[in-house]
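Undergrad: sharing a sequence plus its predicted fold:
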Amino acid sequence: MSLAAARILLIEDDAVIRGFVRESLQTEGGEVFEADTGARGLIEAATRQPALLILDLGLPDRDGLDVIRDIRSWSQLPIIVLSARTQETAKVAALDAGADDYLIKPFGVPELLARVRAQLRRAAVPAGAAEAVFRFGSNEVDLAQRRVLHAGEEVHLTQLEYRLLATLIREQGRVVTHRQLMQEVWGPGYAERTHYLRIYMKQLREKLEDNPAQPAFLLTETGVGYRLQA
């Protein structure tokens, strides 16, 4: 989905950054609404019904994590965090609270726009309506038949490898934290055993990436989790 006519809410207290982001989105055809506090942002989110939210964590009246949790209690609209908080713990906290992506300030316009487009594309597919065949690079995944092809050749995935891949496909374009993946694929009792993920991601890359050492699709978000960039 393109940005053309997409309704985007921007919650950011820094007027300079707010203007910079607004102009970048409007240049691509986006319709931008703004708020400089968390309280005002929640009102705008409820009344404007945006397709996507861009949110700063360091708001003057409340922490952005609380804003995410409030919105997640009634909406699944995509949320991209813009923050100067560079710690991995801050990224994980935002993603676990319900954010879909996390971009550290300062950031470039091309990356911001690419992440916005990715989230809009993801949101445009209704829940449970994923295509029967999902393609990325030279791979085809038949979700109905649980069949995987790489460069036209069938690839055998173990049950856990397939569940990990299917989870990343379902959340395509979104950063999925280590904890989320462990709970989804292995179960709640395995949430802290993230070393399993490194092993299974390595195996998936060896089977599905043309260059496993420099993956183009199964990407690592260092210290946070993984993303399938299709």
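TA: Done, it's in.

Undergrad: for Ile80, helix, strand, or coil?
TA: strand (DSSP: H, G, I helix; E, B strand; the rest coil).

Undergrad: that one: what's it in contact with?
TA: Contact criterion CB atoms under 8 Å, 6 or more residues apart in numbering gives 52-55, 99-103, 115-116, 119 as the residues in contact with Ile80. Every residue, glycine included, has its C-beta placed from N, CA and C.

Undergrad: now do Thr27: how many residues are near it, please.
TA: A total of 11 residues lie near Thr27 under the criterion other CB atoms under 10 Å.

Undergrad: residues touching Ala45, list them.
TA: When contacts are counted by CB under 8 Å, 6+ apart, Ala45 touches 9, 53, 71, 75, 77.

Undergrad: want to throw these into JSON lines with pLDDT?
TA: Written out in JSON lines, the entries for the contacts of Ala45 read as follows (pLDDT from 0 to 100):
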{"residue": "Leu9", "pLDDT": "96"}
{"residue": "Leu53", "pLDDT": "96"}
{"residue": "Ile71", "pLDDT": "90"}
{"residue": "Ser75", "pLDDT": "84"}
{"residue": "Leu77", "pLDDT": "88"}
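
Undergrad: narrow those to those that are buried.
TA: Among those, the ones that count as buried by 16 or more other CB atoms under 10 Å are 9, 53, 71, 77.

Undergrad: which of those residues fall in strands?
TA: Secondary structure of these is defined by DSSP state E; positions in strands are 9, 53.

Undergrad: TSV for the buried ones among the contacts of Ala45, including distance to Gly137?
TA: TSV is the format used below for the buried ones among the contacts of Ala45 (distance: CB to CB, whole Å):
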residue	distance to Gly137
Leu9	33
Leu53	30
Ile71	34
Leu77	29
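
Undergrad: I'd guessed Gln229 sits against Leu219; true?
TA: Yes: checked against CB atoms under 8 Å, the pair Gln229 and Leu219 is within contact range at 5.3 Å.

Undergrad: so Lys207 makes contact with Glu153?
TA: No: contact between Lys207 and Glu153 fails when scored by CB under 8 Å: they sit 10.4 Å apart.
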